[in-house]
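Participant: I would like the atomic coordinates for the input below:
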Amino acid sequence: MEKNNRIGTVKTAIIFPKDSEAIFNNKSHRTFGGATVQLYLIAKELIQRESVSVLIFIPDYLDKDYEKDNAFVFVRMFKEDETMVSKIYKFHKKIRKTRPDVIIQRGLTLFSCLAAAYCRLFGFRFVFMFAHDVESEGRYQASRKKCPFFSMLIRNSYLLVTQNDYQNNNIRKITNANHLHTVKKGLDFNNVKRSSRKFYDAVWIARCERWKNPEIFIELAGRNPDLKFLMVCSKVDAHSGYFNEIAEKASVVPNLEFRNFVMYNSIYELISLSRCFCLTSDQEGDWPMTVLEATASGVPILSLNLDYGELIAEYKAGFFCDGDIEKLHRYLRLLAEDADLLIEMGQNAVKYVYENHNIKDNVSKLLEISNYS
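Facilitator: This next block holds a predicted model:
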């Protein structure tokens, strides 16, 4: 039997976001987010489990020859520009044909709400995973607008998976159902790279969106002309004007290397060459994947506005700046100039991520609460 068709296994369909093309296609330079990366890692781990078979549900991209990993079984659903009615109809056809036991989707969209109701109606287990803190408030991540059918998602999902206490508490305000659980992001440590050679003093990696505050990192580089900075700022089609503005600002800072895209398998190498990772976002969905990738690489975190969990307060794996840009500047100088502190915090970072974000442990928890049997 094929690996993803094992007899007696729980057939699991993972629905990937529309921006997932580049994670499966080395020829694509399309921007993708942390939700795509996390689903990819979950899928990679699930196919190693004897009790699970996996189907990768993706949009019907124009490039048909994109599968870079033949361990996956791909199911093309619908084209990105189709109407919602057409998407649901084609989703229905694919589900009836493949008959998965469990359907996993991450990140709030209108489709999430309709898919949850569909699965409840036809007896499929729909597992929804919150990708961002604002989604737990019933808002879309990109627009911050209220999702009008959010209650439909909450009522009809077989399982709701949050990433932290903030998200969990928000959902508890509207439901006391026992189908709500917290599972943190997981990381596959097989591709981690660590380097004692540091080419950059600070690195910033994110999509070019206003709430991620890329201007602050550019300003930080400008204030420290004796240090070297790397910025990987991926263009978002809906905000192309803003991206051009940021790229222009970065171009006049001589000690700042600006890149608009990096292949996923190159991220670890770039991070490992950096003394620290800067996070300037106003809000995230717990620590973003890039922060976890940095900690796994032994790179301390400088976080301007966010302080999730135990990473900084208990593990001492970086600095929280409490929204103070002067602190961000001061802590950057400290890490750039104190080699012993840099090593100590780097070791603490590795300890944190291995103890809290191992993909094997977190997928095991997901399987347990999803009642895979």
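Participant: got the residue ranges for the helices in the chain?
Facilitator: 21-24, 34-46, 84-98, 110-122, 150-156, 165-172, 214-223, 240-251, 267-272, 289-296, 325-337, 339-356, 359-369 (DSSP state H).
Participant: Determine which stretch of the ones you listed is the most buried.
Facilitator: Among these, judged by mean count of other CB atoms under 10 Å, the one packed with the most neighbours on average is helix 289-296 (a mean of 26). For every residue, glycine as well, the C-beta is placed using N, CA and C.
Participant: okay, the angle between that one and helix 359-369?
Facilitator: Between helix 289-296 and helix 359-369, the angle formed by their directions is 130 degrees, by axes from the mean of the first three to the mean of the last three CA atoms, to 10 degrees.
Participant: the inter-axis angle of helix 289-296 versus helix 339-356?
Facilitator: Here the directions of helix 289-296 and helix 339-356 differ by 120 degrees (the same axes, to 10 degrees).
Participant: what helices or strands is helix 289-296 leaning on?
Facilitator: Applying 3 or more CB pairs under 8 Å, 6 or more residues apart in numbering; DSSP states H and E, one finds that helix 289-296 makes contact with helix 34-46, strand 202-207, helix 267-272, strand 277-279, strand 301-303, helix 339-356.
Participant: So which of those is nearest V192?
Facilitator: For the helices and strands packed on helix 289-296, the distance to V192 is smallest for helix 267-272, at 6.0 Å, taking CB to CB.
Participant: So which residues make contact with the closest one?
Facilitator: Outside helix 267-272, the residues that touch it by CB atoms under 8 Å, 6 or more residues apart in numbering are 191-195, 200, 203, 205, 230, 232, 262, 277, 290, 293-294, 296-299.
Participant: Kindly report the same for stretch 327-338.
Facilitator: 201-202, 216, 220, 223-224, 227, 275-276, 278, 280, 300, 302, 304, 319, 321, 341-342, 345.
Participant: thought A238 was touching A142?
Facilitator: Yes - with contacts defined as CB atoms under 8 Å, A238 counts as touching A142 at a distance of 7.1 Å.
Participant: neighbour count winner among these two?
Facilitator: For A238 versus A142, the count of surrounding residues by other CB atoms under 10 Å is larger for A142: 18 against 10.
Participant: And that one, how far from A35?
Facilitator: Here the criterion is CB to CB, to the nearest Å. By it, A142 lies 12 Å from A35.
Participant: Repeat that for V252.
Facilitator: Separation of V252 from A35 (CB to CB): 33 Å.
Participant: Next: H179.
Facilitator: H179 sits at a distance of 20 Å from A35 (criterion: CB to CB).
Participant: quick one on the thing from earlier: out of the helices of the chain, which comes closest to A313?
Facilitator: helix 339-356 (10.9 Å).
Participant: separation between the spatially closest residue to V350 that is not a sequence neighbour and A202?
Facilitator: Leaving out its chain neighbours, the residue that sits closest to V350 by CB to CB, 6 or more residues apart in numbering is G298, at 5.1 Å. G298 is 15 Å from A202, where distance means CB to CB.
Participant: quick one on the thing from earlier: out of the helices of the chain, which comes closest to V134?
Facilitator: That would be helix 165-172 among those, by CB to CB, at 9.5 Å.
Participant: how distant is that closest one from the center of its chain?
Facilitator: Averaging C-alpha positions (CA atoms, centre = their mean, to the nearest Å) puts helix 165-172 19 Å from its chain's average.
Participant: thought A22 was touching H29?
Facilitator: Yes - contact criterion CB under 8 Å: A22 and H29 qualify, at 6.4 Å.
Participant: And K235, what's its pLDDT?
Facilitator: The score at K235 is 88. That number is its pLDDT.
Participant: Could you report the separation of it from M77?
Facilitator: Shown here: K235 relative to M77, a distance of 25 Å by CB to CB.
Participant: now M84
Facilitator: 13 Å.
Participant: Let's see the pLDDT reported for G8.
Facilitator: Spelled out, the predicted local distance difference test score at G8 is 56.
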